[in-house]
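S.K.: Take a look and give me a structure for this.
(chains A and B, ligands or ions: 1)
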Amino acid sequence: MKRYTISIFTENFIGLLNRVSIIFTRRHLNIESITASESEVKDVYRYTIVLTTTEEQVLKVVRQLEKIVDVLKAFYHTDEETIFQEIALYKIRTSSLSQSNAEQLVRKHNARVLSLAEDFTVLEKTGYKEDTQAFLEDLASVGVLEFARSGRVAITKPMKELAAYLGELEHLN
Amino acid sequence: MKTITLEKKEQLQALNVSGAEAIVKILLEEQVATIFGYPGGAIMPVYDALYGYKDKINHVLSRHEQGAIHAAQGYARVSGKTGVCLATSGPGATNLITGLADALIDSTPLVCITGQVHSSLLGTDAFQETDVVGISMPVTKWNCQVTKAADIPKALAKAFYIAASGRPGPVLVDITKDAQFELFDLLYTPCTYLRSYVPTPRLDNRQIEAAAALINKAKKPFVLVGQGVILANAEQELKTFLEKIGAPAAWTVLGLSAMPTDHFLNVGMLGMHGNYAPNVKTNECDVLIAVGMRFDDRVTGNLDYYAKQAKVIHLEIDPSEIGKNVATDVAVLGDAKESLKALTTMVEANDHNEWVQSFRALEKVENDKVMQAQLYPTQEQLSMAEVVRIVSELTHQEAILVTDVGQHQMVASRYFKFNNSKSNVTSGGLGTMGFALPAALGAQIGQPERTVVAFIGDGGFQMTLQELGTIKQENAQVKIIILNNNFLGMVRQWQELFFDKRYSETEISSPDYVQLSAAYGIAGKRVAMRDNLKAAIAEMLAHDGAYLLEVMVAKEGNVFPMIPTGASVSDIRLV
Ligand SMILES: Cc1ncc(C[n+]2csc(CCOP(=O)(O)OP(=O)(O)O)c2C)c(N)n1
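M.R.: Below you'll find the predicted structure:
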């Protein structure tokens, strides 16, 4: 078992995310995180899905994904082949900022203050899940009112430009 | 939509038409002559439009939407055309689901159009509103919802293209009632290209070369034939290929009829109730050449003991099938017709007579131990196999065989003989009881000149028997044979073999089928004696019109050979 990042490039149609997720649920695969956004090519959407499984499974899943009519291309990569990042937001009581170790924690974890209001403060930290998790655990002593972490956004090292793949696809038809 | 390129075909144009009329005009443009359906509130505008085109489009009114879609499947399977289905929202659409699942797993091209509530009501639990796109998503190759008349042409163009191209499958277009009413200027161009969709992978010469190299070295090559051959119209290419390399070939249930039964290289059926030789020899061959088949578990038995000694070559149009169940040494991606043609030019002519004869030896074992007693029983009770044999003989192997699901299906697949392709219609992947009666109607409409014989169990018949009404109304000449064993036979067989004969809920009663068919205005007869059997079958075949023949067969007959679940193909049991 290994952690894989699947990048799926799709047309922008309603319901596609549902079709994509069915492929995972049918095989009883747990999606660890998912993000979706427009890619560098206009009208082409990119889903980034993280899961832990075997290479055999992930290969079969990617083939099933590519079989979806409105999916342009799907790839999978290991963590080593990927540059990725997550963002996490932490809401704490502004009054607790003055606690002795709060500043230390913010410095130690390289977090930053995103918003400061009279009653609460929002801190932001980007990094790997392990990093944002460590900060969360350290902040527990100060008291975390709310916490949210994004899915993984990922850029893959060995990938050709999407435009090149689109060109190849045009060629195939 | 920029993803659709224009074909050099004339465009269809009409000013100020309703969405509903546009749908009908588009069906005509797509050469649809027959549709199967059932009306209701949300699809009424389309039915109203159809009223004006009665002379151009034949609408078959089923008695249940499941009947409509199975009929469309039968139609598609024998004609090679796309089956078209029409249903209303809510229950009309949900009644299509079994047929969609069946068509998806058996790669049958269908376009289903469902009416949907007014777009302003979507998501409000309005009367007869169901999330049809959501429900049908896992059982369609593609689907979409249309809420504006102007979007109808693109959606239907895509639907027809996707259903029939590449590995075929069912698609569904859900169209709101307001879109059907809305007036717009119709411009229709068939779809021939989508940038995100590669229906047929391009042949790769390196793959062909690698496959040919393996085949040329093979001492014991063995070919497995699936429905992909039929869908690609590659029967002739298959025959040429087989005869050149001199390899024996066996078929899956859906590959049945792709090659004539009597061809000297045809060694029978694969799988759980297939023939002895091809199952045993799967674990002896040195090169396994699978053509347009997907290594279903009913074919492979236990994968841990499946053809481990062989190099596997897989000719397949769907890349996701490669290595899905069986590790492949050489994948040849592409349309079976093209792949076989290319491969045939690269392989050396060969003759593996000794190897072929080794199949014949096992065939003799099966014949002596199983087949003779089934085909020519000496016991008093009739066997399913003898009925199948006589029908096959009296139709001179020219008939279209339609089967339901159960023992009779396996027996018919084993013993019915074929001269022509596209002559076998059955629910293979899903195993849908109730499939045969409506599918036979569709097959008859798809091939009106041919004899269509449906073998159905007493259980499965009672699942969709209402379609007798449709058969009568359409004057379809379907020959229906109920093989009545008073049991849900296949399940009973498993209970006998694996559950200590605890016949839990498998004894099933029947109505008087002869009276029932008479009530529908369909001729019928019941036979229970061997002496009357052949004459009754001859009478049925000679009858001008539909006919129902109920044959009382042995109650506790079993289908053998059999690969028990979890066993290897080569551990197939003869008794
Ligand atoms: C819709 C559906 N329900 C249940 C089954 C499970 N099943 C498979 S074969 C079979 C028995 C079929 O009995 P019958 O139609 O009498 O045919 P026979 O096996 O006796 O030839 C059953 C219940 C099925 N395949 N399809």
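
S.K.: ok and the residue in the stretch 1-150 of chain B nearest chain A?
M.R.: Nearest residue of the stretch 1-150 of chain B to chain A: B:Trp142, at 4.5 Å (C-beta to the nearest C-beta). C-beta coordinates here come from the backbone N, C-alpha and C atoms, glycine included.

S.K.: didn't that residue look like it was pressed against B:Tyr161?
M.R.: No. Using C-beta atoms under 8 Å, B:Trp142 is not in contact with B:Tyr161; the gap is 9.5 Å.

S.K.: Mind checking the pLDDT average for stretch B:124-142?
M.R.: Stretch B:124-142 shows a mean pLDDT of 96.

S.K.: And it, how far out from the chain middle?
M.R.: Between the centre of stretch B:124-142 and the centre of its chain there are 24 Å (C-alpha atoms, centre = their mean, to the nearest Å).

S.K.: in it, what's buried?
M.R.: Across stretch B:124-142, burial judged by 16 or more other C-beta atoms under 10 Å in any protein chain shown covers B:126, B:128-130, B:132-133, B:135-142.

S.K.: again, but for stretch B:554-566
M.R.: Buried residues in stretch B:554-566, counted by 16+ other C-beta under 10 Å: B:554, B:557-563.

S.K.: do the same with stretch B:369-386
M.R.: For stretch B:369-386, burial by neighbour count (16+ other C-beta under 10 Å) applies to B:370-371, B:374-375, B:377, B:382-386.

S.K.: Let me know the pLDDT of the residue lying closest to A:Thr54 once chain neighbours are set aside.
M.R.: Spatial nearest neighbour of A:Thr54, excluding adjacent residues (C-beta to C-beta, 6 or more residues apart in numbering or on different chains): A:Met1 at 6.0 Å. On pLDDT, A:Met1 comes in at 93.

S.K.: pretty sure A:Met1 contacts A:Glu56?
M.R.: No. Counting by C-beta under 8 Å, A:Met1 stays clear of A:Glu56, with 10.9 Å between them.

S.K.: Per-residue pLDDT of residue 51, please?
M.R.: Since you didn't name a chain, this refers to chain A. A:Leu51 is assigned 96 on the pLDDT scale.

S.K.: hmm, I had chain B in mind actually
M.R.: For B:Tyr51, the pLDDT comes out at 98.

S.K.: List the contacts of it.
M.R.: B:Tyr51 sits next to no residue when contact means C-beta atoms under 8 Å, 6 or more residues apart in numbering or on different chains.

S.K.: can we see that at 10 Å?
M.R.: B:24, B:59 (C-beta atoms under 10 Å, 6 or more residues apart in numbering or on different chains).

S.K.: Contact partners for B:Leu187?
M.R.: B:Leu187 neighbours (C-beta under 10 Å, 6+ apart): B:11-15, B:22, B:150, B:153.

S.K.: Just the local confidence number for it, please.
M.R.: 97.

S.K.: What residues sit buried inside the helix or strand containing it?
M.R.: Secondary structure from DSSP states H and E places B:Leu187 in strand B:183-188. Neighbour-count burial for strand B:183-188 flags B:184, B:186, B:188 (criterion: 16+ other C-beta under 10 Å).

S.K.: quick one: the last one from the ligand, how far?
M.R.: The reference is to B:Tyr188. To the ligand, B:Tyr188 is 38 Å away according to C-beta to the nearest ligand atom, to the nearest Å.

S.K.: Show the backbone phi and psi for the closest residue to that residue other than its chain neighbours.
M.R.: Among residues not flanking B:Tyr188 along the chain, B:Leu12 sits closest, at 3.9 Å (C-beta to C-beta, 6+ apart). Note on B:Leu12: backbone dihedrals following degrees, to the nearest 10 are phi -90, psi 130.

S.K.: what's the pLDDT at residue 157?
M.R.: No chain specified, so I'll use chain A. 84.

S.K.: that's the wrong chain, I wanted chain B
M.R.: 98.

S.K.: hang on, B:Gly80 packs against B:Gln227?
M.R.: No. Counting by C-beta atoms under 10 Å, B:Gly80 does not reach B:Gln227; the two are 12.0 Å apart.

S.K.: For the two, indicate the residue with more neighbours.
M.R.: Taking B:Gly80 and B:Gln227 together and counting by other C-beta atoms under 10 Å in any protein chain shown, B:Gln227 has the greater number of neighbours (28 against 15).

S.K.: Now for B:Gly169: which residues touch it?
M.R.: Contacts for B:Gly169 (C-beta under 10 Å, 6+ apart) come out as A:69, B:100, B:103-110, B:139-142, B:162-163, B:318.

S.K.: What about these, which are in strands?
M.R.: Those of those mapping onto strands are B:110, B:142, per DSSP state E.

S.K.: Quick one, which of the contacts of B:Gly169 are buried?
M.R.: A:69, B:100, B:103-110, B:139-142, B:162-163, B:318.

S.K.: Just the ones of those residues in helices?
M.R.: B:100, B:103-105, B:162-163 (DSSP state H).

S.K.: Can you add distance to B:Ala258 and pLDDT and give those residues back as a markdown table?
M.R.: Putting those into a markdown table (distance: C-beta to C-beta, whole Å; pLDDT from 0 to 100) gives the following:
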| residue | distance to B:Ala258 | pLDDT |
| --- | --- | --- |
| B:Leu100 | 25 | 98 |
| B:Ala103 | 19 | 98 |
| B:Leu104 | 21 | 98 |
| B:Ile105 | 18 | 98 |
| B:Ile162 | 24 | 98 |
| B:Ala163 | 21 | 98 |
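
S.K.: Now cross-check those residues against chain A and list the overlap.
M.R.: Filtering those for proximity to chain A by C-beta under 10 Å from any C-beta of the partner chain leaves B:Ile162.

S.K.: give me the number of residues near the residue nearest to B:Thr88 when sequence neighbours are not counted?
M.R.: Closest residue to B:Thr88 apart from its sequence neighbours, by C-beta to C-beta, 6+ apart: B:Gly40 at 2.6 Å. The number of residues packed near B:Gly40 is 20, by other C-beta under 10 Å.

S.K.: What of B:Lys472?
M.R.: B:Lys472 is flanked by 15 other residues according to other C-beta under 10 Å.

S.K.: That one reaches B:Gly524, doesn't it?
M.R.: No. Look at B:Lys472 against B:Gly524 with C-beta under 10 Å: they stay out of range, at 11.9 Å.

S.K.: so what's in contact with the two at the same time?
M.R.: Common contacts of B:Lys472 and B:Gly524 (C-beta under 10 Å, 6+ apart): B:517, B:546.

S.K.: do you know how far A:Val58 is from B:Ser510?
M.R.: According to C-beta to C-beta, to the nearest Å, A:Val58 stands 51 Å off from B:Ser510.

S.K.: So which of these two has more stuff around it?
M.R.: A:Val58 (21 against 14).

S.K.: Could you check how far the host helix or strand of the more buried one is from the centre of its chain?
M.R.: Under the criterion of DSSP H and E, A:Val58 resides in helix A:55-67. Chain-centre distance of helix A:55-67: 19 Å, with C-alpha atoms, centre = their mean.

S.K.: and it, C-alpha only, in PDB?
M.R.: Output of helix A:55-67 as PDB, limited to C-alpha atoms (Å, rounded to 0.1, in the frame of the first residue of the first chain):
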ATOM      1  CA  GLU A  55      -0.400   0.200  -7.500                       C
ATOM      2  CA  GLU A  56      -2.500  -2.500  -9.100                       C
ATOM      3  CA  GLN A  57      -5.700  -1.000  -7.800                       C
ATOM      4  CA  VAL A  58      -4.700   2.600  -8.600                       C
ATOM      5  CA  LEU A  59      -3.800   1.500 -12.200                       C
ATOM      6  CA  LYS A  60      -7.200  -0.100 -12.600                       C
ATOM      7  CA  VAL A  61      -9.000   2.900 -11.200                       C
ATOM      8  CA  VAL A  62      -7.200   5.200 -13.500                       C
ATOM      9  CA  ARG A  63      -8.200   3.100 -16.500                       C
ATOM     10  CA  GLN A  64     -11.800   3.100 -15.300                       C
ATOM     11  CA  LEU A  65     -11.600   6.900 -14.900                       C
ATOM     12  CA  GLU A  66     -10.300   7.400 -18.400                       C
ATOM     13  CA  LYS A  67     -13.200   5.300 -19.700                       C
END
